[in-house]
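Participant: turn this into a model:
(one chain, ligands or ions: 1)
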Amino acid sequence: MLPMDRFRLDDKIALVSGASSGIGAALALGLAQCGATIIAAARRVERLQRVVSGITAAGGRAHAVALDVTDPASVRGALDRAESLAGPVDILVNNAGVAEPSRFVTTNAGSRDHVMATNFDGVWNLTQEVAKRLLARKRSGSIINVASILGIGAGVGYASYSASKAAVIQLTRVLALELGRSGIRVNAIAPGWFVTEMNDAFFASDAGKALAARSPAGRTGELHELLGPVLLLASDAGSYINGVVLPVDGAHLVALV
Ligand code: NAI
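Facilitator: Okay, the predicted model is just below:
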């Protein structure tokens, strides 16, 4: 096998949660272009259909599946549907997430619970169900959690978000240990700032432009810049990488001054 062949995802089925927009939509297209059959999963099926059409138009294979990661019954149903459409999921990209920035003292419990339920419980629910199915079939797999540099560093206004992503990072490490010997690798990426629907209003503001300009790279990331790191973790090219949290942030995390 040639080195580049180990990056190919032919015959792999990859479920991307939150694939209807932003990072998830970009990763779904990119992984499809590397050969995977994509299960594009999120709550907004009509938006997923647009992502699926884009993948199909680019010569890839994809299916839209309704999924609410906070609801275990929805998770089971989505995986049943994915299996009937394409087969068992080999690669899981836990990308669905929300951010509701606000100062700690004024953040209400409902907002905190919503962020934790989506960003942490959602990863837990989907990973548990995918892992159970892989183990039952004695299949190997790769799980990639989309954490954040805010799960490692901290920022004012991100108490619930940072806590949820830090929890995802620790879950990643424990699962790498628990599942690694069964051939299931669990890793995370920690993106810096990428302009998506989650933050586009902020990055259009003067404060957002100033933040991007003073970051080490002098700019926000481009969505395609997440594909290479995810592909490394997803494919056989990364077969000995397990339990890592890979920042993809243009050195944002390491900048002290
Ligand atoms: P986005 O708002 O465009 O995408 C979030 C996706 O999650 C959407 O498709 C949404 O429908 C889905 N989603 C939300 N709740 C869901 C639920 N209960 N069930 C199923 N799907 C659900 O935002 P973006 O930026 O693409 O976010 C994707 C991931 O990347 C999130 O986990 C986010 O925390 C993470 N991230 C984003 C960064 C950025 O700068 N944009 C930086 C670091 C991490």
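Participant: only C-alpha atoms for contact and neighbour calcs from this point on.
Facilitator: OK.
Participant: so Gly218 makes contact with Ala212?
Facilitator: Yes. With contact defined as CA atoms under 8 Å, Gly218 reaches Ala212; the gap is 5.8 Å.
Participant: so for these two, which residue has more residues nearby?
Facilitator: Set Gly218 next to Ala212 and count neighbours by other CA atoms under 10 Å: Ala212 wins out with 19 against 14.
Participant: in the one helix or strand the more buried one maps to, what's buried?
Facilitator: Using DSSP states H and E, Ala212 sits within helix 206-214. For helix 206-214, the buried set under the neighbour-count rule, 16 or more other CA atoms under 10 Å, comprises Leu211, Ala212.
Participant: contacts only, for Val115.
Facilitator: Shown in contact with Val115 (CA atoms under 8 Å, 6 or more residues apart in numbering): Gly97, Val98, Ala99, Glu100, Ser160, Tyr161, Ser164.
Participant: show me what contacts the fifth one?
Facilitator: Read it as Ser160. The contact partners of Ser160, by CA under 8 Å, 6+ apart, come to Arg112, Val115, Met116.
Participant: quick one: the last one from Gly97, how far?
Facilitator: What it means is Met116. Using CA to CA, to the nearest Å, we find Met116 at a distance of 9 Å from Gly97.
Participant: how about the residues of this protein that lie near the ligand?
Facilitator: By CA under 6 Å from any ligand atom, the residues of the chain that approach the ligand are 17-24, 42-43, 67-70, 95-98, 118, 146-148, 191-198.
Participant: what about the residue nearest to Ile39 when sequence neighbours are not counted, which SS state?
Facilitator: Of all residues not flanking Ile39 in the chain, Leu15 sits nearest, at 4.5 Å (CA to CA, 6 or more residues apart in numbering). At Leu15 the chain is in strand, as set by DSSP: H, G, I helix; E, B strand; the rest coil.
Participant: among the residues of the chain next to the ligand, which are located in strands?
Facilitator: Per DSSP state E, strands hold the following members of those: Ser17, Ala42, Val146, Pro191.
Participant: just list the residues touching the second one, thanks.
Facilitator: Think Ala42. With contact taken as CA under 8 Å, 6+ apart, Ala42 is in contact with Ser17, Gly18, Ala19, Ser20, Leu48, Val65, Ala66, Leu67, Asp68, Val69, Ala96.
Participant: make it 10 Å
Facilitator: 16-21, 24, 48, 64-69, 78, 95-96 (CA atoms under 10 Å, 6 or more residues apart in numbering).
Participant: swap in the third one?
Facilitator: Taking CA under 10 Å, 6+ apart as the criterion, Val146 is in contact with 23-24, 93-97, 119, 123, 165, 168-169, 187-191, 230, 245-246.
Participant: buried subset of those?
Facilitator: Using 16+ other CA under 10 Å, the buried members of the contacts of Val146 are 23-24, 93-97, 119, 123, 165, 168-169, 187-191, 230, 245-246.
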